[in-house]
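Student: Any chance you can model this:
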Amino acid sequence: MSSAESVSVLRNSPVLVTGGTGFLGRHLVDRLLAAGRRVTVLARRPAPDLAARGVTFVAADLDDAAAVAAACAGAETVFHVAAKVGVWGRYDDFHRANVLGTRAILAGCRAHGVKRLVYTSTPSVVYNGRDLAGADESLPLTTSCPSAYPLTKAIAEREVLAADSPALRTVALRPHLIWGVGDPHLVPRILARARAGRLRIVGAGGNRVDMVHVANAADAHLLAEAALRRGTGGRAYFITNGEPVGLWDWINGLLVALGEPPLTRRISLGAASAVGGVCEALWRVLPLRGEPPMTRFVAAELAKDHWFSIAAARRDLGYEPKVTMAQGTAELVASLRAR
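Tutor: Residues are numbered from 1 along each chain as shown. Purely as a prediction, here's the structure:
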């Protein structure tokens, strides 16, 4: 059975989407509703526009284990998109949401006979402090990282994949730097820092990175669900646009297209890492709010290569990015200009 046929067969299968009011989650819910699926969303608070379209809501935090597990009742597929994200914060907070929350999802899937679990992971689960150029899924999961997010997501991914069985098929997707029109995080943060004069080119400036358009990421999730129905499970897949870009060239191109001056100021990776270490120490001992302006993890991400092979996703899931970097960037620029 082809991927398209599998997606069609799943049309009447009810689903639960955790984090369905977020950027990726909303795109996924839109696609599911358009396919005629019955959708339940677990999120902190309902979204009236989605409720008006027939979405059932379960209002709960990921650390409410009983509510999270109970939300799985009636679903044949769970898309576990929700997570605590960020480059800074207490490890216990990330562990409670990302690890214990995922364990509650697994418990709910087993208790309520859920057939399929698509887990939204992240490429940072293979962080090793080095350049990652064309990396594939053979890389080991990280056990040492100066950020709690990759560490806790790696633990959760390992447990999701270990849970794969004929009764519950599981898969982990690793979408990288999700972006597109309506992105509330990545691009707005870049623009805000650049406009405030707080963004500098870190390192030599020639590092290449992968990104993934939100529409492509949603495609990958639906294709992964179809693959689980065919019996493919227990594996992780990098999900990108398959078009690595020069990070700072892309950022400067975006700035210039929006009438902003390009970035020219630079800081070495060593200096940025040192600043990040100092900032982390200050944020630990002082009552400072928000995230530090620099961390060691962010310094490495801004200076090093991190792009990945999507050969496995193409082979096993039938994944093929439909929205190119050029198309997505043009749409994004037009949207930002219109605002």
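Student: Count residues in the vicinity of T295, would you?
Tutor: 22 (other Cβ atoms under 10 Å). Backbone N, C-alpha and C define where each C-beta goes, glycine included.
Student: same check, this time on L288
Tutor: Neighbours of L288 (other Cβ under 10 Å): 11.
Student: quick thing: my sequence starts at 364, can you match it?
Tutor: Got it, first residue is 364 now, which makes that one L651.
Student: Quick check: closest non-adjacent residue to it.
Tutor: In space, and not counting its chain neighbours, L651 is closest to L645: 6.5 Å by Cβ to Cβ, 6 or more residues apart in numbering.
Student: give me the beta-bridge partners of F420?
Tutor: Going by DSSP bridges, F420 is paired in beta bridges with V404.
Student: coming back round to it: could you measure the residue nearest to L651 against W451, distance?
Tutor: 12 Å (Cβ to Cβ, to the nearest Å).
Student: Those two: which is more packed in?
Tutor: W451 (20 against 11).
Student: Can you name the residues that contact the more buried one?
Tutor: S510, E643, W646, E654, P655, T658 (Cβ atoms under 8 Å, 6 or more residues apart in numbering).
Student: on that earlier part again, isn't the residue nearest to L651 right next to P655, touching?
Tutor: Yes - here L645 reaches P655: they are 7.3 Å apart, a contact under Cβ atoms under 8 Å.
Student: ok, the residue nearest to L651 to S528 distance?
Tutor: L645 is 47 Å from S528, by Cβ to Cβ.
Student: Mind naming the longest strand for the protein?
Tutor: For the chain, the strand that runs over the most residues, judged by DSSP state E, is strand 532-538.
Student: got the contact list for that strand?
Tutor: So strand 532-538 is contacted by 387, 478-486, 488, 520, 523-524, 526-527, 575, 580, 583-584, 587, 590-592, 594-603, 671 (Cβ under 8 Å, 6+ apart).
Student: Name the strands paired with that strand and say parallel or antiparallel.
Tutor: In the sheet, strand 532-538 lines up with strand 479-483 (parallel), strand 598-602 (parallel) (DSSP bridges).
Student: Identify each buried residue in stretch 398-417, please.
Tutor: Going by neighbour count (16 or more other Cβ atoms under 10 Å), the buried part of stretch 398-417 is A398, R400, R401, V402, T403, V404, L405, A406, A410, L413.
Student: swap in stretch 683-698?
Tutor: P684, V686, M688, G691, T692, L695, V696.
Student: Stretch 604-613 now?
Tutor: N604, G605, E606, P607, V608, L610, W611, W613.
Student: Which parts of the stretch 514-663 of the chain are strands?
Tutor: 532-538, 541-542, 564-565, 571-572, 575-576, 598-602, 608-609, 629-630 (DSSP state E, counting those that start in this stretch).
Student: Switch those over to TSV; also include mean pLDDT.
Tutor: Converted to TSV, these look like this (pLDDT from 0 to 100):
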stretch	mean pLDDT
strand 532-538	98
strand 541-542	96
strand 564-565	97
strand 571-572	98
strand 575-576	98
strand 598-602	98
strand 608-609	97
strand 629-630	96
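Student: Quick check: which of those is buried the most?
Tutor: Most buried of the strands of the stretch 514-663 of the chain, by mean neighbour count (mean count of other Cβ atoms under 10 Å): strand 575-576, with a mean of 30.
Student: Now, of the contacts of strand 532-538, which are buried?
Tutor: Buried among those (16+ other Cβ under 10 Å): 387, 478-486, 488, 520, 523-524, 526-527, 575, 580, 583-584, 587, 590-592, 596, 598-603, 671.
Student: gap between stretch 392-411 and the chain center?
Tutor: Relative to its parent chain, stretch 392-411 has a centroid offset of 18 Å by Cα atoms, centre = their mean, to the nearest Å.
Student: no, scratch that, I was asking about stretch 695-702
Tutor: So, by Cα atoms, centre = their mean, the centroid of stretch 695-702 is 23 Å from its chain's centroid.
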